[in-house]
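Novice: fold the following, please.
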Amino acid sequence: MADNGDAIAALYAPIVFLHRDERHFPVHPDEFRETCRFRRSVPGKDLGWNKTSDKWEPGNEASADFLNAPWVRIILESNSLLGQDQEPAARDYCRNVRPRDGQNVADGSQQGLFLELEDKRGHHRATGRRDPKSWAMFYDRYDVDGQHLLAFWVFYAFNYGWADHEGDWEHIRLQFGTQAPDGKGRPENIWYAQHNGGTCVSGLAPRQYDKEEGLHPRVYVSTWGHASEPWVADRTAYERDGTTWRSWEQGTLAPLDRQPWMNYAGAWGEVGQFGFSTGPLGPRFKRRRCA
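Specialist: Numbering: from 1, shown residues only. Sure thing, here's the model as predicted:
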């Protein structure tokens, strides 16, 4: 259910439609971590965090000692490598420790931290559950140059398509201009993120919402790749035959800035051959990207 600290998010949370052929469903970040090994990429080798010995060890072992590292340890290692221990408001979110990233503190090299799924069968079979009650959405309210923004983020364990990769953070962003969201009016614009780009549409158009006078924007999730779309040609495959998620009343709706993983600066997924096939950064680092 919605967080009591910010009822505004519940008023604007999207109604999400997934295609009938979708097989990679939203997964809670905690559930993803529980099935991952916490690893560090260094020149010539990779290290794994052994939660029993409480230290980095070389090799590719996948025993229980190397699974499900606690968020506290993950954040400590991330902060240490990043060289930042400040409170969130003082942090530089334009720098990270994601391997193969241009904003990596190691100058975009393969070095860095990553969470890697232990079970690789998930690459070729369904991930997550087709049950919105098990899904989670995280909202982020912030201002940029006096403009009020409200973003909604969803995590998937796998992105399947031309650029397969573990981990997949997707979002939409409502842009309210200088008027803060108050539950009485619609946003000026809605940004639908689509991998390295996106689509911006008017937030005043009734067809973008769950009903004529509603405030919940429609989001159509592209099959397997999870890009957010404002509309689709075949609505039947989504609205009638697919899965509908009313995110304000099904599953978890929670504030991003209270999540234990918010300041994790590494990759959510294994290191790929390229940057685009490496697990992505988390929401806070994605929304503050710098040129």
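Novice: can you pull out the strands in the stretch 101-250 of the chain?
Specialist: Per DSSP state E, counting those that start in this stretch, the stretch 101-250 of the chain has strands spanning 112-117, 136-144, 147-159, 165-175, 189-194, 197-202, 218-221, 228-229, 243-246. These are given in chain order.
Novice: and of those strands, who's closest to Glu57?
Specialist: Nearest to Glu57, of all those, is strand 112-117, at 14.7 Å by CB to CB. Glycine gets a C-beta too; all of them are placed from N, C-alpha and C.
Novice: using PDB, write out every CA atom in that closest one.
Specialist: Output of strand 112-117 as PDB, limited to C-alpha atoms (Å, rounded to 0.1, in the frame of the first residue of the first chain):
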ATOM      1  CA  GLY A 112      33.600  -1.800 -10.000                       C
ATOM      2  CA  LEU A 113      30.800  -3.500  -8.100                       C
ATOM      3  CA  PHE A 114      27.900  -5.600  -9.400                       C
ATOM      4  CA  LEU A 115      25.100  -7.900  -8.300                       C
ATOM      5  CA  GLU A 116      25.100 -11.100 -10.400                       C
ATOM      6  CA  LEU A 117      22.200 -13.500 -10.500                       C
END
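Novice: give the pairing partners of it; include direction for each.
Specialist: Strand 112-117 sits in its sheet next to strand 36-42 (antiparallel), strand 267-268 (parallel), going by DSSP bridges.
Novice: mean pLDDT, distance to Leu117 and mean neighbour count for these - can I get that in CSV?
Specialist: Converted to CSV, those look like this (pLDDT from 0 to 100; distance: least, CB to CB, whole Å; neighbours: other CB atoms under 10 Å):
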stretch, mean pLDDT, distance to Leu117, mean neighbour count
strand 36-42, 95, 6, 23
strand 267-268, 96, 10, 29
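Novice: check which residues of stretch 156-168 are buried.
Specialist: By neighbour count on 16 or more other CB atoms under 10 Å, the buried set for stretch 156-168 is Tyr156, Ala157, Phe158, Asn159, Tyr160, Asp164, His165, Glu166, Gly167, Asp168.
Novice: ok, what's across the strand from the residue nearest to Arg98 when sequence neighbours are not counted?
Specialist: Nearest residue to Arg98 in three dimensions, chain neighbours excluded: Ala267, at 4.5 Å (CB to CB, 6 or more residues apart in numbering). For Ala267, the beta-bridge partners under DSSP bridges are Phe114.
Novice: roughly how far apart are the one residue sitting closest to the centre of the chain and Gly44?
Specialist: Centre of the chain computed as the mean C-alpha position; nearest residue by CA atoms, centre = their mean is Trp169, 2.6 Å away. Distance check for Trp169 against Gly44: by CB to CB, to the nearest Å, it reads 30 Å.
Novice: one step back: between the buried residues of stretch 156-168, which is nearest Arg129?
Specialist: For the buried residues of stretch 156-168, the closest approach to Arg129 (CB to CB) belongs to Ala157, at 10.9 Å.
Novice: now do the same for the residue sitting furthest away from the middle of the chain: helix, strand or coil?
Specialist: Within the chain, Ser53 marks the point farthest from the mean C-alpha position, 30.4 Å out by CA atoms, centre = their mean. Here Ser53 takes the coil state, with states given by DSSP: H, G, I helix; E, B strand; the rest coil.
Novice: same question for the one 3 residues further on.
Specialist: Assigned by three-state DSSP, the conformation of Trp56 is strand.
Novice: so Ala13 makes contact with His216?
Specialist: Yes: Ala13 lies in contact with His216 (CB atoms under 8 Å); the separation is 6.2 Å.
Novice: which segments of this structure make up each domain?
Specialist: Listed domain ranges for the chain are 7-28+132-257, 36-118+260-286 (source: automatic domain parsing).
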